[in-house]
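**Q** Structure, please.
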Amino acid sequence: MESASETTQIGLQRGPTVHKAGLDPTKQSDADQGQGSTSQEEPNFASLASVPGNRKDDLVSILQDTLLDRKILVQAGKAPFPLSLGILPSGKDGNKTKKFSSLMGMMAILRLLAAVNEMQAQEKDGRLKNLTINNPGEAGRALADRAKAMYHDLTIAPLGSLFSLQDEQTLTVNQSIKCADIRRVVLETAFDGMDEIELVALERIDDLLAEFISDLKPYKVSKTVEQPSVNLCMLIHYLKEGLEGGQAVLEPCTRMVFVDSRTETWFDMFEKANFKSDEEVQVLMEITIVDIKLNEEQYRAMKPNLEDMFDAVAQKNEDLKAILDEGGIERFGRSTSVIV
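**A** A predicted model of the protein is given here:
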C-alpha cells in the first residue's frame, strides 16, 4: 500500500477531522492522542421497541435479506447491504478467536438496528417498501437508504458505552484519474494506517470489491433532487495491537468507510470499462472513515440481553432461528460478513 503522501498525488486530499451528529467533538483530543473516547451512556435500543406490530414481518424480511447472496439480492431489484469484512486473525489463539467473535456479535446488532433505521426512513418518506435499483430514478436513493442506515448506527444511534470513538475524518478525491486506478485509490483510502491487514487479505478484498462492482454494473443511477449522489458503506472488523497498563493487548476494532460519490462519477466509472481502462475520468467523491473500538467487557456483560433482543425479533422465522440456535448473534453476524 502506498504512503499517504503518494496517495495525495493522485487526488486524495486529507481534510480536517469532521464530526457528524452523535459523535462528541469535545472528546476528539483523546482520539487525536490515540487514547480514544468512551461514552459512559448506557446503550439504548428504544428504536427497536418502537417498531409497530404490523411492521415486524418487514423487519424480519430485511434481516432475511442480509443472509442472501448479493447476486440474488440485486437480481431481485434490491439494493445490496453494506459490505461487512472480517479480517480473521492468524493462529489458533483462543483469546483472538473470542475477540473476533465479539465483533461478529456486534455486527448482528448493527444489522438489526440498521434494518430499523431503514424502516424509519421509509415511514418518514411516506412509503412502506424499499425502492428498487431496477428503476434508475430510485436506484441512487435505494443504495443510500442501505448505506445511511448503517452509518446512522455508528454515528447517531445510541450504542453508548459499547463503542469508543478512536478517530473520524473525511477525505476528498477530486481529480482526473485513470479508470484502472480508481479501485486502488478507494482501497488505499479505506485501509490507510491499518498495518495489521496483510497483503494477501488486501488482495482478496480487492477481488471482493471488483465482484461488488460487477454485480451492480447492469443497473443505472439517475441523479435526482432527492438523491444527487451515490452512497456506499463498508465495515472492516479486525484486531488491532494496542497498549493497556503498559502491556500489549489486542483490541477488537471496526472501521466504517462511507463513500459519497457524485452521480456523474458513478456513471463514468461503470460505463467506461468497469475500472479497467486507461481512459481518465473526473472523479469527485468524499470518503468518511470512522474508527471505533468495541468495549468487549461491556459487550460480554450485555450479551445475554442482546441475544434475547435479537431472538425476540427472529423467533418466528425458521431461517433466522436456525442460525441463532446454532451460534447466537455471533453466528448471525458472521453469516452476514465475508471473512478474509
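**Q** Dump stretch 117-133 to PDB, keeping only the CA atoms.
**A** In PDB, the C-alpha atoms belonging to stretch 117-133 read as follows (Å, rounded to 0.1, in the frame of the first residue of the first chain):
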ATOM      1  CA  ASN A 117     -33.300   2.700  10.700                       C
ATOM      2  CA  GLU A 118     -34.200   1.700   7.100                       C
ATOM      3  CA  MET A 119     -37.800   1.200   8.100                       C
ATOM      4  CA  GLN A 120     -38.000   4.500   9.900                       C
ATOM      5  CA  ALA A 121     -36.600   6.300   6.800                       C
ATOM      6  CA  GLN A 122     -39.300   4.600   4.700                       C
ATOM      7  CA  GLU A 123     -42.000   5.800   7.100                       C
ATOM      8  CA  LYS A 124     -40.600   9.400   7.100                       C
ATOM      9  CA  ASP A 125     -40.900   9.400   3.300                       C
ATOM     10  CA  GLY A 126     -44.500   8.000   3.500                       C
ATOM     11  CA  ARG A 127     -43.700   4.600   1.900                       C
ATOM     12  CA  LEU A 128     -43.900   1.100   3.300                       C
ATOM     13  CA  LYS A 129     -41.400  -0.600   1.000                       C
ATOM     14  CA  ASN A 130     -37.900  -0.400  -0.300                       C
ATOM     15  CA  LEU A 131     -37.100   1.400  -3.500                       C
ATOM     16  CA  THR A 132     -35.700  -0.700  -6.400                       C
ATOM     17  CA  ILE A 133     -32.400  -0.500  -8.200                       C
END
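**Q** quick one: contacts of that stretch?
**A** The contact list for stretch 117-133, computed with Cβ atoms under 8 Å, 6 or more residues apart in numbering, reads 47, 51, 55, 58-59, 62, 74, 77-79, 138-139, 141-143, 145-146, 148-150, 152-153, 157, 216, 219. The way it works is simple: take the backbone N, C-alpha and C, and place the C-beta from them, glycine included.
**Q** From these, list the buried ones, please.
**A** Burial by neighbour count, judged by 16 or more other Cβ atoms under 10 Å, picks out 51, 58-59, 62, 74, 77-79, 138-139, 141-143, 145-146, 148-150, 152-153, 157, 216, 219 from the contacts of stretch 117-133.
**Q** Among the residues you listed, which are located in strands?
**A** Applying DSSP state E to the buried ones among the contacts of stretch 117-133, no entry is found in strands.
**Q** among those, which are in helices?
**A** 58-59, 62, 74, 138-139, 141-143, 145-146, 148-150, 152-153, 216 (DSSP state H).
**Q** Next, the residue sitting furthest away from the middle of the chain: phi, psi?
**A** In the chain, the residue that sits farthest from the middle, by Cα atoms, centre = their mean, is Gly246; the gap is 31.8 Å. With angles defined as degrees, to the nearest 10, Gly246 sits at phi 80, psi 0.
**Q** And the nearest residue to Arg55 once chain neighbours are set aside, how close does it get to Ser61?
**A** Using Cβ to Cβ, 6 or more residues apart in numbering and skipping residues adjacent in sequence, the residue nearest Arg55 is Met119, 6.3 Å away. Met119 sits 10 Å away from Ser61, going by Cβ to Cβ, to the nearest Å.
**Q** higher neighbour count, those two?
**A** Per other Cβ atoms under 10 Å, whichever of Met119 and Ser61 has more neighbours is Met119, with 23 against 13.
**Q** Name the helix or strand for the more buried one, please.
**A** helix 94-124 (DSSP states H and E).
**Q** can you pull the buried residues of that helix?
**A** By neighbour count on 16+ other Cβ under 10 Å, the buried set for helix 94-124 is 96, 99-119, 121-122.
**Q** Also stretch 68-75?
**A** Buried residues in stretch 68-75, defined by neighbour count with 16+ other Cβ under 10 Å: 68, 70, 73-74.
**Q** What of stretch 231-243?
**A** Quick answer for stretch 231-243 (16+ other Cβ under 10 Å): 231-240.
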